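Enquirer: Please find the sequence and the predicted model below.
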Amino acid sequence: MTLPDILFEDDHLVAFDKPAGMPVVPSGHRARGGSLIEMARERYGRQLAAVHLMDEGASGVVLFARTKPALDFLSGQFQSKTIECAYLALVALVPAGGARAAMRDGAGRLPAEFSVDLPLGRDRDTPGRLRVARGRAGSPAETRVRVLEPFERFAWVECRPLGGRAHQARAHLAACAAPVVNDGLYGDAPVPLLLSELKRRYKAGREPERPLVSRLALHAASVSFIHPAGRERLGVTAPLPDDLGVALKYLRKFGRGGRAV
């Protein structure tokens, strides 16, 4: 694997456009040298440090500090919740009951804008997973969601988690019965996006049909923060990957109308 595109770089920090499938830090099932930080340190040195992490299956902006003062300054902004991160996600609208159904309108769709304010804690039964917690078992967490484009069984949304907790947006979306497409960790039964389920009279070939999106449909579109040296607000954005763009094209053409579940 090669070092991904650089979105911003100066003497204090560097931001990469991480592709889906590349881990930010080394993971147990990957060969040594396959993570973003390992490759980036070959160019920038061992002092380079990740300011925040991102799921291996997701894509988008990942920020690294090139100096210890820059790392401390940027980490402090995450702790104070002044860094603004915007994620784009394709979510599947799955059957909702009980409290989760309260997030839907009469047609079963999500409201145009809403906020998920549910405490999150570690799931003791599934390592690496968060769960909605009660009382002191969880930490306060809020994610603001805006529906950019509604479809029949899916929705294209923007999520802005307040704070930098890993998996927060994924856990909150799943709590609304709208898990990210291909989210095997938070979706009870991951819903694939298949062209045959969108397009009438679709003719499948001899080979099994492949989903329009084969990875976690989550993209870190932008990060906005106060620069550690200039003290001005800086925004870094990452373009939409081709696979998500193609999926949206087919959803816009064939996926509108009807009732959601």
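Expert: Okay, I see it.
Enquirer: All the strands of the protein, in order from the start?
Expert: 6-9, 13-18, 49-50, 59-65, 84-92, 113-117, 120-122, 130-132, 142-150, 154-162, 218-226, 233-237 (DSSP state E).
Enquirer: From Ser115, how far out is the most centrally placed residue in the chain?
Expert: Closest to where the C-alpha atoms of the chain average out (CA atoms, centre = their mean) is Leu218, at 3.6 Å. For Leu218, the distance to Ser115 (CB to CB, to the nearest Å) stands at 19 Å. Glycine gets a C-beta too; all of them are placed from N, C-alpha and C.
Enquirer: give me the low-pLDDT residue ranges for the stretch 51-200 of the chain?
Expert: Within the stretch 51-200 of the chain, the stretches with pLDDT under 70 are 97-107, 135, 164.
Enquirer: can you give me the helices in it?
Expert: Assigned by DSSP state H, counting those that start in this stretch, the helices in the stretch 51-200 of the chain fall at 68-79, 168-175.
Enquirer: Looking at those helices, which one is packed in the most?
Expert: Taking mean count of other CB atoms under 10 Å as the contact definition, the stretch among the helices of the stretch 51-200 of the chain with the greatest mean neighbour count is helix 168-175, which reaches a mean of 25.
Enquirer: returning to what we had before: Throw the strands of the chain into a markdown table and include distance to Leu71, thanks.
Expert: Compiled in a markdown table, these are given as follows (distance: least, CB to CB, whole Å):
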| stretch | distance to Leu71 |
| --- | --- |
| strand 6-9 | 16 |
| strand 13-18 | 9 |
| strand 49-50 | 5 |
| strand 59-65 | 4 |
| strand 84-92 | 17 |
| strand 113-117 | 30 |
| strand 120-122 | 25 |
| strand 130-132 | 25 |
| strand 142-150 | 25 |
| strand 154-162 | 21 |
| strand 218-226 | 12 |
| strand 233-237 | 16 |
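Enquirer: Thank you kindly, that will do.
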